[in-house]
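1. Got a predicted model here, sequence first, then my questions.
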Amino acid sequence: MAILTSALLPGSAAFEANRAAYEARLETLRERLAHAAFGGRGKHVERHRARGKLPVRERLDLLLDPGSPFLEVAPLAACGQYDEEVPGAGAVAGIGLVEGTPVMVIANDATVKGGSFYRETVKKHVRAQEIAEQQRLPCLYLVDCGGANLPQQDQVFPDKDHFGNAFLRQCRMSAMGLAQLSAVFGGCTAGGAYIPALSDEVVMVRGQARIHLGGPSIVKVAINEAVDGETLGGAEMHAKVSGVSDWLAEDEPEALAKLREAVASLAIERDLSPPRAPKPPRLDPQSLTGVIPADRRTPYDMREVLARLVDDSEFVEFKPAWGETLVCGTAWIHGFPVGVLANNGPLHSDSSLKAAHFVQLCDQRGTPLLFLQNISGYMVGTAAERGGIAKDSAKMVYAMATARVPRLTVILGGSYGAGNYGMCGRGFHPDFLFAWPTAECATMSADIAANVMTELRRSSLRLGPPEPGELEEIEARVRAQYAEQSDPYYATSRLWDDGILEPAQTRDVLGLCLALAHSRPETAARDARVFRM
């Protein structure tokens, strides 16, 4: 196989300037992740502990196999919203190992607004379930939940993608044979009660856990019955009277141990080992921060990224002399095969057709696809349109959308317009989608958007000639809007991706994703169909 080399000189002024600029971005990322995990709720944690309850991440430590990886989903959900009072959207979700079995864990954080569900909490919960269904994972729910956030009821309750969708998915996954297991640590009211009630097996903690469709205050108003929470829906009552709970645990460690036993009893055999021995890249992944230019508008060669990402820096390039604005080829990551599509500029007709051909070859051969996005979009202009870019780009989108192999996407830089779509953006349901701190996702860049909006105003017949300073005001407003909405934290807060990665972490995260994809049961027969130009 061809070995990728680097044209960059570590230690050079440009390389070190890039590294310094990226390190500043990484410091911001680490600070925000730390706040989401632990920050801003010390008194709530103290009160939580005083009640004999463990913080959510300590529960995870007891549940997951010691020293095993945990791939967290959307850790910065709700970041920058609600005056930073809902870190992580009040939940922790991710893929880990329990008794050697990969599982999806969805855990409420009761130190954040009582674990109640905000708009982003629902999106995070449902996204975690979507991943679990796609990757054929049992779901473990660590329930400590106050139900829907009532002031947001119109954003979390009635629509098809709201809280009810979580229950639909839970039922359907159970019917598929994907176990749904719950451990209840606190009060679960209304919608929160249905998470354990719909589970296949439930364990509740004595004196702490409660399940009731309506709490004591609702019962008082509805039927004028005065009752305390423990009598109404306590763990002992549900274990001995109602039968809602399958086990009664004396404390949280016992409940988590029982959950581990339940997973072990599933007797799931899933081989996560790669088909060939992994090899580290010949170039250090830590040096990726020196590869990415400090100015986002400066282009760079994706082969420099791949040389620090794939096993042994080996890469077999497909059609290297044609469609050069898209790098396509096969490689291995942590011992798993992968077909790579990486942007080296805007997509023209030739690079679009090259992508369609390559995607369908990978689909025919069962090779997972990895899209590395840094794209301004498809080429525009008279020459491009006469050359058939509309149809050729559609062929690429069609091939990508209908590929049956696992698809992974990482947004490194720009992700604009239809380029986002063709390179398997969120709307095309990749198995996993991550971003780097340098990611920008928008319909177009701020420069182009400002120019379009000022030109539209200048040519408006209805409004007449623009007033003095009006165009400058429009430009400033559009630039401010795009600066805010193109920011990677704006995107990840709204779950447009599954999380922001440090560049050096990307190889390991992709390795975990590929291991899951490689080991999941086949769901359909594969037929060969390869695009021919």
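-> Structure received. Numbers count the residues shown, from 1 in each chain.
2. so where do the strands sit in the stretch 101-250 of the chain?
-> 101-108, 139-143, 180-184, 187-189, 201-205, 210-212, 247-249 (DSSP state E, counting those that start in this stretch).
3. got the angle between the third one and strand 139-143?
-> Calculated by axes from the mean of the first three to the mean of the last three Cα atoms, to 10 degrees, strand 180-184 forms an angle of 20 degrees with strand 139-143.
4. Given strand 180-184, what are its sheet partners and their directions?
-> Here strand 180-184 is paired, per DSSP bridges, with strand 139-143 (parallel), strand 201-205 (parallel).
5. contacts for the last one?
-> Outside of strand 201-205, the residues within contact range by Cβ atoms under 8 Å, 6 or more residues apart in numbering are 179, 181-185, 196, 211, 235, 238-239, 244-252, 254-255, 258-259, 262. From N, CA and C alone the C-beta is placed, and that goes for glycine too.
6. do the same with the first one
-> Strand 139-143 is contacted from outside by 56, 59-60, 63, 98, 103-108, 128-129, 132, 170, 173, 178-186, 188, 192, 195-196, 199, 259, 263, using Cβ under 8 Å, 6+ apart.
7. isn't Ile131 right up against Ile95?
-> Yes: look at Ile131 against Ile95 with Cβ atoms under 8 Å: they come within range, at 7.3 Å.
8. between the two, what contacts are shared?
-> 73, 104, 137.
9. Just give me the neighbour total for the closest residue to Ala128 other than its chain neighbours.
-> Leaving aside its chain neighbours, Ala128 sits nearest to Ala93 (3.9 Å; criterion: Cβ to Cβ, 6 or more residues apart in numbering). For Ala93, the count of nearby residues is 26 (other Cβ atoms under 10 Å).
10. now Ala93, what's its secondary structure?
-> With DSSP: H, G, I helix; E, B strand; the rest coil as the basis, Ala93 sits in strand.
11. Identify the residues contacting it.
-> 72-74, 104-107, 124-125, 127-128.
12. buried residues in the top helix by length along the chain?
-> Longest helix in the chain, counting residues (DSSP state H): helix 13-38. For helix 13-38, the neighbour count (16 or more other Cβ atoms under 10 Å) marks 15, 18-19, 21-22, 25-26, 29, 32-33, 35-37 as buried.
13. again with stretch 378-394
-> 378-379, 384, 389, 392-394.
14. ok, of those residues, which one's closest to Leu412?
-> Closest to Leu412 out of these is Tyr378 (18.2 Å), distances taken as Cβ to Cβ.
15. The closest one against Ile389, yeah?
-> Yes: shown here, Tyr378 and Ile389 form a contact pair, counting by Cβ under 8 Å, at 5.8 Å.
16. what sits in contact with each of those two?
-> In contact with both Tyr378 and Ile389: 348, 352, using Cβ under 8 Å, 6+ apart.
17. and the residue nearest to Gln286 when sequence neighbours are not counted, what is it in contact with?
-> In this structure, Gln286 finds its nearest non-sequential neighbour in Ala504, 4.9 Å apart by Cβ to Cβ, 6+ apart. By Cβ under 8 Å, 6+ apart, the residues touching Ala504 are 285-286, 288-289.
18. quick one on the thing from earlier: export the contacts of Ala93 as TSV, with columns for pLDDT and neighbour count.
-> What follows is those, written out as TSV (pLDDT from 0 to 100; neighbours: other Cβ atoms under 10 Å):
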residue	pLDDT	neighbour count
Glu72	98	21
Val73	98	24
Ala74	98	29
Met104	98	24
Val105	98	27
Ile106	98	25
Ala107	97	24
Lys124	97	26
His125	97	27
Arg127	98	17
Ala128	98	28
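19. nearest to Leu471, of the strands of the stretch 101-250 of the chain?
-> Of all the strands of the stretch 101-250 of the chain, strand 101-108 comes closest under Cβ to Cβ, at 49.3 Å.
20. now the angle from the closest one to strand 180-184?
-> On the basis of the same axes, to 10 degrees, strand 101-108 is oriented at 40 degrees to strand 180-184.
21. So which elements touch strand 101-108?
-> With contacts defined as 3 or more Cβ pairs under 8 Å, 6 or more residues apart in numbering; DSSP states H and E, strand 101-108 has these neighbours: helix 56-63, strand 91-98, helix 119-135, strand 139-143, helix 252-265.
22. Go again with 7 Å.
-> In terms of contacts (3 or more Cβ pairs under 7 Å, 6 or more residues apart in numbering; DSSP states H and E), strand 101-108 is packed against helix 56-63, strand 91-98, helix 119-135, strand 139-143.
23. Nearest to Asp161, out of the ones you listed?
-> Among these, helix 119-135 comes nearest to Asp161, with 6.7 Å by Cβ to Cβ.
24. Centre of the chain to the closest one, how far?
-> Centroid separation between helix 119-135 and its chain, computed with Cα atoms, centre = their mean, to the nearest Å, is 9 Å.
25. Who are the contact partners of the residue nearest to Pro138 when sequence neighbours are not counted?
-> Closest residue to Pro138 apart from its sequence neighbours, by Cβ to Cβ, 6+ apart: Ala179 at 4.1 Å. If you count contacts by Cβ atoms under 7 Å, 6 or more residues apart in numbering, Ala179 has them with 138, 200, 266.
26. gap between the first one and Val98?
-> To tie it back to what came earlier, the one meant is Pro138. 8 Å (Cβ to Cβ, to the nearest Å).
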